[in-house]
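**Student:** sequence first, then the predicted structure:
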Amino acid sequence: MTFRTPGFGRRLGTGRTRLLLPVLVALAALLVAFLVFTAVYTDLLWYRSIGFSSVFTTQLQAKVVLFFGAGLLMALVVGANVVVAYRLRPAYRPLSVEQQGLERYRAVIDPRRRLIAWALLGMLGVLTGSSVAGQWPVWLAFLNRTPFGVRDPQFHKDVSFYVFTYPFLRLVIGVVFATVILSILAAVMVHYLYGGLRLQGPGDKASPPARAHLSVLFGLFILLKAVAYWFDRYGLVHSERGAATGASYTDVNALLPAKTILAVIALLCAAMFFGNLLRRGMMLPGVGFTLLVLSAILLGGVYPLLIQQFQVKPDELAKERQYIQRNIEFTRQAYGVDGAKVVPYGTQPVTDKKALQDEAAKLQQNGVRVLDPNVVGETFQQLQRIRPFYRFPDTLDVDRYQVDGKLVDTVVALRELSGAPVGQRSWVKDHMVYTHGYGFVSAYGDRFAATEPDFITRDMPAAPNQAIKVAQPEIYFGERSPRYSVAGGRGQQELNYPDNSPSGQKSSTYDGQGGVPIDSFAHRLLYSAKFQDKNLMLSGAINKNAKILYDRSPRQMVQKAAPWLTLDGDPYPVVVNGRILWVVDGYTTSNGYPYSEQMSLGEATRDTITDTRSAVARQANDHINYLRNSVKATVDAYDGTVHLYQWDEKDPITKTWMKVFDGTVQPRSSIPPELESHFRYPQDLFKVQRKVLTKYHVTDPSAFYNGEGFWEVPEDPSAKGKRQPPYYQSLRMPGQDAPSFSLTTVFNPRGNPQLAAFMSVGSTSRDYGQIQILQMPRNAQPAGPGQVQNSFETDTKVKNDLFTLRQGGTKTVPGNLLTIPFGGGLLYVEPMYTKAAGGSEQQPYPIRGKILVRFGEGIAAADTLDQALTQVLGGSGAPAQSGSPGTPDDQLSAPAKKAIEDLKAAVTDYENAQKKGDYPGMGEAWKRIKDAQAALSAAGQKPKTSPSPSPSASPSASPSATPPSS
């Protein structure tokens, strides 16, 4: 028989539980510490991989200082007041029902008061420190502030005070306010818990020590309020009370003196609370506090309202004129439109037929960008994807390149990776084989090859004689790169494209500087935890020299390298010295510029493209009133090298951050000329400026007050309810000797569909950033975009042409409606594309249908711009009649018949080569197709049947061989 001590098992279980709990807590703490270390250290490794580790360490140091500084301040001050309140507790508490109830709480709290206090204060410190640490940009910008050299007209302070100093002062005041308020709450709770404050019972409701303690705290609170009132005066330069942003008549003549008086009254009230230390009773503080509240209501609210209603409103323009002038001047400065030139235009259109034809010839020689990058993304996808694991964006980019000695507008895109093919996926394939995109594809912007883009660079591999040379076509860093890839390991084969070699594919091994080495146990452990992927730890496929590539989209990389920048939503690729680089425009912004109108960046930059396409990122709805294109950044598409170049050398915000992150931004003089030749004026900046100029092209205060001549951005005629986007195009503005690559837009009069003005800004070295506005005569405004689009649909001949295009299950897709200054008036050009409807495979991508043109009252549709201009302006050549039947074979000339036979044979060879995967054969057949097209076009004929390789014959749809009609 066995005897067991009663309760022994229970005590043993309790002992094990007591041992287990600390072990679990310790393990949880270690796990949290490991995860925090992993996040911080892998971030540091990423920054080191691109050479920007100082950016990470500077941020980290600032966050740590602010976290512990603010957290300790809050915890120590609140904790000190808790200790003071506890020590000032009365020795004896009168017996009452209230105190009997509190005694139960005291009995529970007293034995554990230190633990409770430390836990609550620690939590309070962590929350405060975390909140303030997020304000590190405010602190660092204040410490390194740079003068603007511009003073506000009211307080005569440099603008840097409002951009750098004022936000920091508001941050400090906010933290101190929170500290004092929480100290008051904590002191009141402790005094009440231990009897220093009572709600019931005879006698005083507060003990003398409690009254003195709380008087000091309330005095500090009101003293801070006096400081806040004083600095609120400077905030009036951002007031929205008047007819325009900034200190208005009422603000200057009523609210400004009221804030000053309230600050003095708050000082007196604070002195009354402090004086309560020397006397017993709350009458004096009560009187002071009541005076402050009444003064705030009467001086801060009622008095300005009376001034506004009875002095300003009866004669508002006279009272507000100088303040409106300040707003106009400072808003134009803040958004960089003070140099915009408004030129009267359209009063004397050219009517001489010969002069118009000569100008049309110059226009044709310079080229008009009729290839719409917002439409032909699907066309690039169908013709140049080649393999299903590659893809193109839905919106392409526009640039310019020297081709055959001539600078031409070019539509460009990169063939990026979309992932391993369905059915062939595995961890190794997803992360170690399909690691990158391949190839730079470009097409002429001012022409078509028959009905499809006329490619300059194309195919895989690219032909060696193509006009734009790309020495490093692999794209490891792109807008659609995988979450992470492991590349560069010894002997690792990373797929470029399939071919006819014995291995069946053309592969390469990454050899770039970017990426973090992952061939060590420690790094594999860290990244396995970071990405929660055990294969990074266990896979035997990861060899020596392997690197992990992650956080590698251009915008993401530049944002991390320069966290003080706001980035343009549309990075674009360029080829410089054989390498593909991403160009990302960086902006410095502020919402503290005095007298400048504030707007939402996200709302100002919205248009058809941002609302309907994924390739262009939408801006956040941050409110700004200052904007500069201060930095041009590049990211190497192969190795991820990041360069930041100072672009606006006068911007004080950029200079400030160059001091914070010393050595990260290179001077403008270091920009390679080959790279600078590809810089564009950024779209988001332009869209903000055009929104500003809808009002602020008016510089007379009286006209501005009355809203005379205000404009609006027109609705996109191809997308109802969306703003028309701006368009890149090379054009020659009136007075210019040569065309300039420009970004353009138009304006309607507010509430009127006609056209009020045309706006252009240059992107070349001779006119970069020069805004020119052609203002139409108010009494004879031309048709606006919506009216022009409607005229295309209602004109008898063009309507018939469009009706013909829409037959046989085909729909039309309108391209960009370009507006071009021409002959003293405006020329409108719109490519109209056709596309099979309802998922048909006959024509699964947009191709050129017609080019629509309008000049004055003349409207035409033709296969080419030259033909359309001939119809509108007249000329020696007979314009092609759209929708006419094909020429019968017996009427074809001998050269045309031979060209058609050559074309058919080349198309057949192309399709056979496609089926075999014979890329060299496809390239040779394609050259023959182009030669036959050129011969047929020269013969001036159009075949009855247009032979074309079947788009669905292989993963790569072949280009149509249909020649242009004449």
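**Tutor:** Alright, I've got the coordinates.
**Student:** which parts of the stretch 551-700 of the chain are helices?
**Tutor:** Per DSSP state H, counting those that start in this stretch, the stretch 551-700 of the chain carries helices over the ranges 554-561, 601-604, 608-612, 652-660, 673-676, 683-696.
**Student:** in JSON lines, list those helices along with distance to Leu363.
**Tutor:** Heads up, the C-betas are built off the backbone N, CA and C, glycines and all. JSON lines is the format used below for the helices of the stretch 551-700 of the chain (distance: least, C-beta to C-beta, whole Å):
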{"stretch": "helix 554-561", "distance to Leu363": "35"}
{"stretch": "helix 601-604", "distance to Leu363": "32"}
{"stretch": "helix 608-612", "distance to Leu363": "26"}
{"stretch": "helix 652-660", "distance to Leu363": "39"}
{"stretch": "helix 673-676", "distance to Leu363": "27"}
{"stretch": "helix 683-696", "distance to Leu363": "23"}
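**Student:** centre of the chain to stretch 794-810, how far?
**Tutor:** 39 Å (C-alpha atoms, centre = their mean, to the nearest Å).
**Student:** go through it and flag the buried ones.
**Tutor:** Under the neighbour-count criterion of 16 or more other C-beta atoms under 10 Å, stretch 794-810 has Asp795, Val798, Asp801, Leu802, Thr804, Leu805, Thr810 buried.
**Student:** ditto for stretch 223-241
**Tutor:** Under 16+ other C-beta under 10 Å, the buried positions of stretch 223-241 are 223-230, 232-239, 241.
**Student:** thought Gly149 was touching Asp158?
**Tutor:** Yes: counting by C-beta atoms under 8 Å, Gly149 does reach Asp158; the two are 7.2 Å apart.
**Student:** okay, those two: which has more neighbours?
**Tutor:** Using other C-beta atoms under 10 Å as the criterion, Gly149 and Asp158 rank with Asp158 on top: 18 against 10.
**Student:** which ones are touching the more buried one?
**Tutor:** Pro147, Phe148, Gly149, Val150, Arg151 (C-beta atoms under 8 Å, 6 or more residues apart in numbering).
**Student:** tell me the one among those residues nearest to Leu298.
**Tutor:** Arg151 (32.8 Å; C-beta to C-beta).
**Student:** for Pro111, the count of nearby residues, please.
**Tutor:** Neighbour number of Pro111 under other C-beta under 10 Å is 10.
**Student:** oops, could you answer that again for Asn144 instead?
**Tutor:** Counted with other C-beta under 10 Å, Asn144 comes out at 16.
**Student:** quick thing: my sequence starts at 42, can you match it?
**Tutor:** With 42 as the first residue, the last one maps to Asn185.
**Student:** surely it touches Asp703?
**Tutor:** No: in this structure, Asn185 is not within contact of Asp703 by C-beta under 8 Å, at 9.6 Å.
**Student:** picking up where we left off before, now the buried residues of stretch 835-851 in CSV, with secondary structure?
**Tutor:** Shown next, in CSV, are those (DSSP: H, G, I helix; E, B strand; the rest coil):
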residue, secondary structure
Asp836, coil
Val839, helix
Asp842, helix
Leu843, helix
Thr845, helix
Leu846, helix
Thr851, strand
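**Student:** how about these in TSV, adding distance to Ala973 and pLDDT?
**Tutor:** Converted to TSV, the buried residues of stretch 835-851 look like this (distance: C-beta to C-beta, whole Å; pLDDT from 0 to 100):
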residue	distance to Ala973	pLDDT
Asp836	35	92
Val839	31	92
Asp842	27	90
Leu843	29	91
Thr845	26	88
Leu846	25	89
Thr851	25	86
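**Student:** got CSV for those residues, with distance to Glu370 too?
**Tutor:** Formatted as CSV, these follow (distance: C-beta to C-beta, whole Å):
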residue, distance to Glu370
Asp836, 46
Val839, 47
Asp842, 51
Leu843, 49
Thr845, 56
Leu846, 52
Thr851, 55
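**Student:** closest to Leu858 among the residues you listed?
**Tutor:** Scanning the buried residues of stretch 835-851 for proximity to Leu858, where the rule is C-beta to C-beta, the winner is Val839, at 13.8 Å.
**Student:** how many residues are close by the residue nearest to the closest one when sequence neighbours are not counted?
**Tutor:** Spatial nearest neighbour of Val839, excluding adjacent residues (C-beta to C-beta, 6 or more residues apart in numbering): Ala902 at 4.5 Å. Neighbour count for Ala902, taken as other C-beta under 10 Å: 28.
**Student:** having no further points to raise, I will conclude here.
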